[in-house]
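Trainee: based on what follows, work out the 3D shape:
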Amino acid sequence: MHKFPSIEQFRNVKRAVEYASQYSGKDDTGEPILNLDAVLPTVKFQGTEKIHGSNCSIYINLNGEIICQSRERVIKVGDDNYGFASFIDKLPAEITDHWKETYRGCVIAGEWAGQGIQDVVAVSKVPKFWVIFAAWVVDEMDEDDNKWIDVNTLKHWNESRIFNITQVPTFEIEINFNDPIKIAEAINTINQYTIEVEALSPLGKLLGVEGIGEGIVWTPTDSAWSHSRYRFKTKGEKHSESKVTKLADVDVEKVATINVLVSKVVEEGRLLQAWNWLKENNKEQTEKSTGDFIRWVNNDIAKEESDLITASGLNAKDISGAVSTAARKWFFNKMK
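Mentor: Purely as a prediction, here's the structure:
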């Protein structure tokens, strides 16, 4: 089995990008060393429609044998998944020979969708089809760090009900992970694209039907960030059968206001006071006390700066996340 990896939520990808950027090795005890002053990258993503069906793939082993897989198991004619293995078994030799000649040692992943597999979305109205959305080499390196193949290069055979997800419009976005305001702007743009797909499925339109789409999968196009852990998905609110939601809308002006306020209230004197408070209360001035340190800073700001917070049109909860981030960064630098 060579499973297609899970696609994360944006918040998980954001944390993964931050960690990868800040990681600078391990200390003597094996704990990671993080450089919290590291500049976070700007990453470009391509968005492709997320199809609501059943995840199915083929693995072409080094002997040229085509092995069919669902998300969880190897499948075959007679022990199938919605008829996918039977579909592959009946394909013209032109297609299977192309895969055997070009993609030995690779997995080609896609969504097996159409009538009888899922409902609600536009593509559930048409006869079954397979839409390819990813491929990777599995025999060249560790399974956890596969070599991905550009999906734009993979052939499609519309007459045989095999499509490539890039046959319909894709979406481009650039996320500056170093700038909260730019992140907020990107999230709002991503939401708009997601709403468009939800309102009218691009692939459904290509297949001659109208109806809602499920959402979008965002894949980094920068080679340095090609690992699957940096992919994320956004889904439409109308697709309630899967209880999915899009990213929360972000008030860019509010984010800017929070940044200005935090720069004023998370200041050296208050942070030093929190640092000394740890020692006075017999708490270690080490990573073990990070939570205590951050709580003290947040509580002190909520108590001492309530008038300034209110005047800014905010409340303590609005700024607690940004306060915690700034306090944590100072704390780790202080421990050095």
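Trainee: in the helix or strand residue 194 falls within, what counts as buried?
Mentor: Using DSSP states H and E, residue 194 falls within helix 180-199. Judged by neighbour count using 16 or more other Cβ atoms under 10 Å, the buried positions of helix 180-199 are 180, 182-187, 190-191, 193-194, 197-198. In short, each C-beta sits where N, CA and C put it, glycine included.
Trainee: skipping its backbone neighbours, what lies nearest residue 88 in space?
Mentor: In space, and not counting its chain neighbours, residue 88 is closest to residue 68: 5.4 Å by Cβ to Cβ, 6 or more residues apart in numbering.
Trainee: which one of the buried residues of helix 180-199 is nearest to residue 299?
Mentor: Using Cβ to Cβ, residue 180 is the member of the buried residues of helix 180-199 that sits closest to residue 299, with 22.8 Å.
Trainee: so the closest residue to that closest one other than its chain neighbours: helix, strand or coil?
Mentor: Closest residue in space to residue 180, ignoring its immediate chain neighbours: residue 255 at 5.3 Å, by Cβ to Cβ, 6+ apart. Under the three-state scheme (DSSP: H, G, I helix; E, B strand; the rest coil), residue 255 adopts helix.
Trainee: quick one: residue 255 from residue 186, how far?
Mentor: Per Cβ to Cβ, to the nearest Å, residue 255 is found 12 Å from residue 186.
Trainee: and what of residue 294?
Mentor: From residue 294 to residue 186 the distance is 27 Å (Cβ to Cβ).
Trainee: before we move on, the earlier item: ok, the residue nearest to residue 88 - how many residues close by?
Mentor: Neighbours of residue 68 under the rule other Cβ atoms under 10 Å: 23.
Trainee: just checking, it touches residue 74?
Mentor: Yes - between residue 68 and residue 74 there is a contact at 7.0 Å, judged by Cβ atoms under 8 Å.
Trainee: the protein: strands as residue ranges?
Mentor: 23-26, 32-34, 42-50, 54-60, 66-70, 74-75, 106-113, 129-137, 147-149, 162-164, 171-176, 215-220, 232-235 (DSSP state E).
Trainee: which neighbours in the sheet does the third one have, and how are they oriented?
Mentor: According to DSSP bridges, strand 42-50 has the following sheet partners: strand 171-176 (antiparallel), strand 215-220 (antiparallel).
Trainee: among those strands, which is nearest residue 6?
Mentor: Of all these, it is strand 215-220 that lies closest to residue 6, at 11.6 Å by Cβ to Cβ.
Trainee: now that closest one: average pLDDT?
Mentor: Strand 215-220 shows a mean pLDDT of 95.
Trainee: what's the offset of it from the middle of its chain?
Mentor: Relative to its parent chain, strand 215-220 has a centroid offset of 7 Å by Cα atoms, centre = their mean, to the nearest Å.
Trainee: kindly export it (C-alpha atoms) in CSV.
Mentor: Output in CSV follows, covering the C-alpha atoms of strand 215-220 (Å, rounded to 0.1, in the frame of the first residue of the first chain):
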residue,chain,number,x,y,z
GLY,A,215,-13.9,22.9,-2.2
ILE,A,216,-10.3,23.5,-3.1
VAL,A,217,-7.0,21.7,-2.4
TRP,A,218,-4.0,24.1,-2.2
THR,A,219,-0.6,22.6,-3.2
PRO,A,220,2.7,24.5,-2.9
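Trainee: which residues touch that strand?
Mentor: Under the criterion Cβ atoms under 8 Å, 6 or more residues apart in numbering, residues 7, 43-50, 133-134, 151, 171, 173, 190, 193-194, 197-198, 226, 230-236, 239, 244, 246 lie in contact with strand 215-220.
Trainee: mark which of those residues are buried, thanks.
Mentor: Taking 16+ other Cβ under 10 Å as the criterion, what is buried in these is 7, 43, 45-50, 133-134, 151, 171, 173, 190, 193-194, 197-198, 226, 230-236, 239, 244, 246.
Trainee: now the helix holding residue 194 - C-alpha only, CSV.
Mentor: Extracted in CSV, the C-alpha atoms of helix 180-199 (Å, rounded to 0.1, in the frame of the first residue of the first chain):
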residue,chain,number,x,y,z
PRO,A,180,-0.2,38.6,9.7
ILE,A,181,-2.0,41.2,7.5
LYS,A,182,-0.8,39.5,4.3
ILE,A,183,-2.0,36.2,5.8
ALA,A,184,-5.4,37.7,6.5
GLU,A,185,-5.7,39.1,3.0
ALA,A,186,-4.7,35.7,1.5
ILE,A,187,-7.3,33.9,3.6
ASN,A,188,-10.0,36.2,2.4
THR,A,189,-9.0,35.6,-1.2
ILE,A,190,-8.9,31.9,-0.7
ASN,A,191,-12.4,32.1,0.8
GLN,A,192,-13.7,33.9,-2.3
TYR,A,193,-12.3,31.3,-4.6
THR,A,194,-13.8,28.6,-2.4
ILE,A,195,-17.2,30.2,-2.5
GLU,A,196,-17.0,30.3,-6.4
VAL,A,197,-16.2,26.6,-6.6
GLU,A,198,-19.0,25.9,-4.1
ALA,A,199,-21.5,27.8,-6.1
